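Undergrad: Generate a structure from the sequence data that follows.
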Amino acid sequence: MAESPAWIQPGLTATLIWYDGVGEARGGERLYQVAGPVLEPVPASPYFLLAPLERSAFAGRLYRAEVSLADLRAFLGDLDVAEGHLSDELEFVATRRRAPLLAVLDAWGETAPAEVLPYLSDLNAFLPSDSGPLFVTPEAHAGLQREPERFGTAWICDGCGEAEDASVFLWTTHRDGFVHVRLAIENQGGVWTCRLHPFKFPREESHDG
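TA: Model (predicted):
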């Protein structure tokens, strides 16, 4: 896991920001000018995914279910994961440490441990130990069981009706009898809470073939 610095651990939660400027601050911190979304309340997690504003068309394509696995990897290849904090005015993210996001996820892909969770069919959701429900429709769950690698929409809020309002997107791979969630994007009105390699769930034999 040479590509995974010690300060990053599987299961962490990071908030994606779009930035359109980079500068330096005293003490060696790097400043990223926030171009969106509006982060109120301030995220509890000190981790961020730094996405250049010129890649923001990806969001619209994601909501329209137009993103392939290759598209996802190309997008993630342009992002860094960083540890830092928002400025008081919420205009900048000051980062202390950064790493290429895709390299980190790939380093974890074959070796990282993960919490094992059951799919709760009565809730149509998983329940991670450190958060509320992660909703996944039965149809999406069946697709995750069938396909050795998959990225796509896992849930759209029925009350909202539109993916841009409230939705979940999952990147999963099969390994050692489990479906591993490599990336979960929880969208709430354009604010993306991203879980990096958060958990895995048993692969059901009935979905083989």
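
Undergrad: now the helices for this structure?
TA: 57-63, 69-76, 101-108, 138-146 (DSSP state H).

Undergrad: out of these, nearest to residue 154?
TA: Closest approach to residue 154 among those (Cβ to Cβ): helix 138-146, 4.3 Å. C-betas here are computed from N, CA, C, even on glycine.

Undergrad: by contact count, what packs against that closest one?
TA: Contacts defined by 3 or more Cβ pairs under 8 Å, 6 or more residues apart in numbering; DSSP states H and E place helix 138-146 against strand 149-156, strand 166-175.

Undergrad: any idea of the angle it forms with strand 149-156?
TA: Angle, helix 138-146 to strand 149-156, by axes from the mean of the first three to the mean of the last three Cα atoms, to 10 degrees: 170 degrees.

Undergrad: quick revisit: figure out which of the helices and strands packed on helix 138-146 is closest to residue 107.
TA: Once the helices and strands packed on helix 138-146 are compared by Cβ to Cβ, strand 166-175 is nearest, at 13.9 Å.

Undergrad: average pLDDT across that closest one?
TA: Strand 166-175 carries an average pLDDT of 97.

Undergrad: For the residue in the chain sticking out farthest from the centre, give me its contacts.
TA: Note on the chain: the largest separation between a C-alpha and the mean C-alpha position, by Cα atoms, centre = their mean, falls on residue 26 (30.3 Å). If a contact means Cβ atoms under 8 Å, 6 or more residues apart in numbering, then residue 26 has no contacts.
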